[in-house]
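Novice: turn this into a structure:
(chains A and B)
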2 protein chains.
Amino acid sequence: MYRPVGVIHSVHQDTTLTPIQPVFAGHCKGQVEIYPEFEDGLADLEGFSHIYLIFHLHKAGPARLTVKPFLQDTEHGVFATRGPWRPNPIGLSIVELQSRQNNILYISGVDILDGTPVLDIKPYTTHFDHIEITRCGWLDDVEDGDFQNRGRRAGK
Amino acid sequence: MYRPVGVIHSVHQDTTLTPIQPVFAGHCKGQVEIYPEFEDGLADLEGFSHIYLIFHLHKAGPARLTVKPFLQDTEHGVFATRGPWRPNPIGLSIVELQSRQNNILYISGVDILDGTPVLDIKPYTTHFDHIEITRCGWLDDVEDGDFQNRGRRAGK
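Specialist: Modelled structure (predicted):
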């Protein structure tokens, strides 16, 4: 049984206009407000330039086992995508941590809806998270133009 | 309210002997058994060489807001560490996906206890997850010898 440790404040009010990943969110800024009772857990986090946010996709809608991801008109298993319609609607984003003031984290690269409940924060590290991969599945087949245009969902 | 979508099978039976991250788990192999009702969600996952596993740290013990991480004898906020004693005991590991047979994923680099409940799986991608960072917090101060010896927890 998990409970929110905080909440995201962002400019994104509409799921259909929200960038699908931080890489498409450019300089979208936002804040993570950690509830005061968890503030001590943030000590020294400001030493890291990037952090993982793990959050509850509270507007995801019903789970589906196969989905068409935003970047491609082909059906894939939901676990082979980063789409929100998952059996457990858990979101994962890597954002840049610009500064911390007490229980507020100032972040950029924000692809997360305003009001999203935060479940956990972890430091992103070169040692653990910067992996050399050999295969990137169906994403290797997405054309560059689709990648940029669909990811940002601008004007959609 | 999340429910397990599967379970990890690994050689790690004892928390004190389990490597703390995949980078220390070398060629430790294991399997993710996804429950049959979720098998369709795995379609095309085998195209990716690496995946994120998100799991419930079922043996974590009580949460603490400041902790000494395995790699250093200095207290840090729990959100600035990858330790298991988190307000929401959610684990995150990047493992190599070697193959899939129906609902079974064969993985290596396994730093996860046998019997751990799996909550979600996501593809690890160069585009979204391979981030150039500038600061790595207290981990920049861990000496190479400590990094290798403490991470593996061999013989402890």
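
Novice: and the closest residue in space to A:Gln98 that isn't next to it in sequence, what are its bridge partners?
Specialist: Nearest residue to A:Gln98, sequence neighbours excluded (Cβ to Cβ, 6 or more residues apart in numbering or on different chains): A:Tyr106, at 4.6 Å. (C-beta placed from N, C-alpha, C; glycine too.) Residues in a beta bridge with A:Tyr106, per DSSP bridges, are A:Gln31, A:Ser99.

Novice: which residues touch A:Tyr106?
Specialist: For A:Tyr106, the contact set (Cβ atoms under 8 Å, 6 or more residues apart in numbering or on different chains) comprises A:Lys29, A:Gln31, A:Leu97, A:Gln98, A:Ser99, A:Arg100.

Novice: and for A:Gln13?
Specialist: By Cβ under 8 Å, 6+ apart, the contact set of A:Gln13 is A:Leu113, A:Asp114.

Novice: could you rerun that using 6 Å?
Specialist: Contacts here follow Cβ atoms under 6 Å, 6 or more residues apart in numbering or on different chains; on that basis A:Gln13 touches A:Asp114.

Novice: if we can go back for a sec, and the residue nearest to A:Gln98, what pLDDT?
Specialist: pLDDT recorded at A:Tyr106 is 97.

Novice: one step back: now the buried members of the contacts of A:Tyr106.
Specialist: Buried subset of those (neighbour count, 16 or more other Cβ atoms under 10 Å in any protein chain shown): A:Lys29, A:Gln31, A:Leu97, A:Arg100.

Novice: which one among those gets closest to chain B?
Specialist: Using Cβ to the nearest Cβ, A:Leu97 comes nearest to chain B of those, at 8.8 Å.

Novice: returning to that earlier point: can you add distance to A:Leu53 and give the contacts of A:Tyr106 back as TSV?
Specialist: Below are those laid out as TSV (distance: Cβ to Cβ, whole Å):
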residue	distance to A:Leu53
A:Lys29	14
A:Gln31	12
A:Leu97	10
A:Gln98	14
A:Ser99	16
A:Arg100	14
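
Novice: what lies in contact with stretch A:134-152?
Specialist: Under Cβ under 6 Å, 6+ apart, the answer for stretch A:134-152 is A:19-20, A:24, A:70-72, A:76, B:44, B:47-49, B:123, B:125-126.

Novice: equivalent analysis for stretch A:16-30, please.
Specialist: A:9-10, A:12, A:70, A:93-95, A:107-111, A:113, A:151-152, A:156, B:127-128.

Novice: end to end on it, go ahead and measure it.
Specialist: For stretch A:16-30, the first-to-last residue distance is 18 Å (Cα to Cα, to the nearest Å).

Novice: buried stuff in it?
Specialist: A:Thr18, A:Pro19, A:Ile20, A:Gln21, A:Pro22, A:Val23, A:Phe24, A:Ala25, A:Cys28, A:Lys29, A:Gly30.
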